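Novice: I would like to see how this sequence folds:
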Amino acid sequence: MACGDALGAGYGFGPPLGPDVPVTMSGGGPFEWEPGEWTDDTSMAIAIAEVAADGHDLLNPQAQNRVAARWSGWAQGANDVGSQTLAVLDAARQAAARRGQESPSATDLTHAAQAQHARAGHCGGNGSLLHTAPIALAFLDDPAGLVRVAHQFSALTQHDPEAGEASALWCLAIRHAVLHGNLQGLRLALDHLPDDRALVWSQRLDHAEASIPADFERHGCVVQPLQGAWSAIATSRDAAGSDFTSAEHARSGLEAAVRGSRTPTPSRQPPVPCWEACTGRPPCPPCGAVVCTDGPGCAPAIWYASQ
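Specialist: Residues are numbered from 1 along each chain as shown. Okay, the predicted model is just below:
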């Protein structure tokens, strides 16, 4: 996921890419990303992943408060934060300050997202779709809990119910890919929606499968980035809506889950230079991978515990 995000970072907010345009991890773009540097979406996902990895139940309000505090601290020095997320975090910090607290709670974010939605009145942004992916790994044995948590974390920054639906569907697809090693999970995930909403999303997936990624250019809302990512997978063409970053971030998270369930090979993990700066963890000493799961001389469980 992080590598897909870094690959697309330099192409974000640009025009659609043709099928013959080479895509390289060269950085650049409007925020002058370094080669291999990921965007705000992965940074926010890491906060969720690390809180879960520390043993906190993401259904617990205290765990959600930890994520809210991490997001707030990170955003104050971030290179880029989505406009809707930034507005929500600013309002939540102000609410916390009025109580004499430095960090906002999850409730502060939820209330701020509701107020922002009421003011703006537009569709749910794509942010929650892109940063909730780690929830799938924390709920491999509990799909119903996954759906609840995906909706709750989506609502921290995006009040629109469609953002919660998209996040839950994509997390369920990742969960299925990890457990079963295939891409059938997105269609199966529709069973977790009410019948009328399942029909809406089923038609959207049909449209994605009959289109090419470049057809989905409305990247600011949650629906088309999901369609663009699914179209890239279904058609096996290079992803490119007007926001390559969004489509590639979502697509890579799902496809990595499939690949990882089959062949956990650390040498296939591309180096991402900002891993250590963002997480405080160096690459695995024996093999140099940013995420080590196997390999001669590697003891990832011991390595992670020592960091």
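
Novice: got the contact list for residue 153?
Specialist: Residue 153 makes contact with 48, 58, 64, 67, 128, 132, 135, 167, according to C-beta atoms under 8 Å, 6 or more residues apart in numbering. From N, CA and C alone the C-beta is placed, and that goes for glycine too.

Novice: apologies, that question was intended for residue 186.
Specialist: Neighbour list for residue 186: 169-170, 172-173, 176, 205, 230, 254 [criterion: C-beta under 8 Å, 6+ apart].

Novice: just the closest of those residues to residue 158, please.
Specialist: Closest approach to residue 158 among those (C-beta to C-beta): residue 170, at 13.4 Å.

Novice: quick check, pLDDT for the closest one.
Specialist: Per-residue pLDDT puts residue 170 at 95.

Novice: surely it is in contact with residue 129?
Specialist: Yes. Using C-beta atoms under 8 Å, residue 170 is in contact with residue 129, at 6.0 Å.

Novice: tell me the helices in the stretch 1-150 of the chain, going along the chain?
Specialist: Taking DSSP state H, counting those that start in this stretch as the test, the helices found in the stretch 1-150 of the chain are 2-9, 40-53, 61-75, 83-98, 106-120, 127-131, 135-138, 143-155.

Novice: who touches stretch 80-98?
Specialist: Stretch 80-98 has contacts (C-beta under 8 Å, 6+ apart) with 31, 39-40, 44, 68, 71-72, 75, 102-105, 108-109, 111-113, 115-116, 120, 125, 127, 156-158.

Novice: now it: buried residues?
Specialist: By 16 or more other C-beta atoms under 10 Å, the buried positions in stretch 80-98 come out as 80-82, 84-93, 95-96.

Novice: can you pull the domain assignment for the chain?
Specialist: With domains defined by automatic domain parsing, the chain comprises 2-262, 271-307.

Novice: correct me, but residue 175 touches residue 185?
Specialist: Yes. Look at residue 175 against residue 185 with C-beta under 8 Å: they come within range, at 6.7 Å.

Novice: need the winner for burial among the domains of the chain.
Specialist: Comparing the domains of the chain by mean neighbour count (mean count of other C-beta atoms under 10 Å), domain 2-262 comes out on top with a mean of 20.

Novice: any weak-confidence spans in the stretch 201-307 of the chain?
Specialist: Scanning the stretch 201-307 of the chain for pLDDT under 70 picks out 219-220, 236-307.

Novice: repeat the analysis, applying 90 as the threshold.
Specialist: Residue ranges of the stretch 201-307 of the chain with pLDDT under 90: 212-222, 225, 228-229, 232-307.

Novice: spit out the contact partners of residue 155.
Specialist: Counting by C-beta under 8 Å, 6+ apart, residue 155 has contacts 110, 113, 128, 163-164.
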